[in-house]
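> need a 3D model of the following:
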Amino acid sequence: MWRIRILHGPNVRYIGQGREPTIYGNLSWEAVWQGLCERYGHLAHLTYLESPHEGQLVEWIWETTAYDGLIFNPGALAHTSYVLYDALRGCKKPCIEVHVSSVYRRESFRQRLLTARACVGVIAGVGMYGYELALLALLHAVLPNYDSTASACG
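Okay, the predicted model is just below:
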């Protein structure tokens, strides 16, 4: 079974809890997490961590060596953090970066994604569904020897 770590940076936890719903929508992370576990728990062991602290995120990225892949929403740190970029490159695990909003339709500073350069892919602008797409990308396209015919369903 694949081991996938999901990390969130600053302010991500407030999506679906009143944080700019016209940009981020109303779906909460808890609802997304529950859906991911229900739909994909038989294919992947999912672990979720969040922190607004850059240093904590760096530590968790380095600890990803015990996992097969990483899904990461660095929040606004994506635009400024060379230390996260270095950690993502250094951990040598495939990472899909997720942004709930369409960063390329927003302020110009949001269109520069430093951390994305260390990732195998970026999913942005499809709301909270981006997490499911990132997981599917890891399972079907990135992780070696994935058997897409395997299923726990009868």
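> my read is Trp89 is in a helix, agree?
Careful, residue 89 is Arg and not Trp. Yes - the assignment for Arg89 by DSSP: H, G, I helix; E, B strand; the rest coil puts it in a helix.
> which residue is the nearest non-sequential neighbour of it?
The shortest distance from Arg89 to any non-neighbouring residue, by C-beta to C-beta, 6 or more residues apart in numbering, is to Ala118 (4.5 Å). Backbone N, C-alpha and C define where each C-beta goes, glycine included.
> now do the same for that neighbour: its pLDDT.
We have a pLDDT of 92 for Ala118.
> quick one: the strands in the protein, in order.
Ranges of strands within the chain are 2-8, 44-50, 69-73, 95-99, 121-124, based on DSSP state E.
> low-confidence ranges in the protein?
The chain contains residues with pLDDT under 70 at 16-21, 23-25, 105-107, 109-111, 142-154.
> buried ones in the longest helix seen in the chain?
If you go by DSSP state H, the chain has its longest helix at helix 29-40. Using 16 or more other C-beta atoms under 10 Å as the test for burial, helix 29-40 gives 29, 32, 36, 40.
> same check on stretch 50-69?
Buried residues in stretch 50-69 (16+ other C-beta under 10 Å): 50-51, 54, 57-58, 60-61, 64, 67-69.
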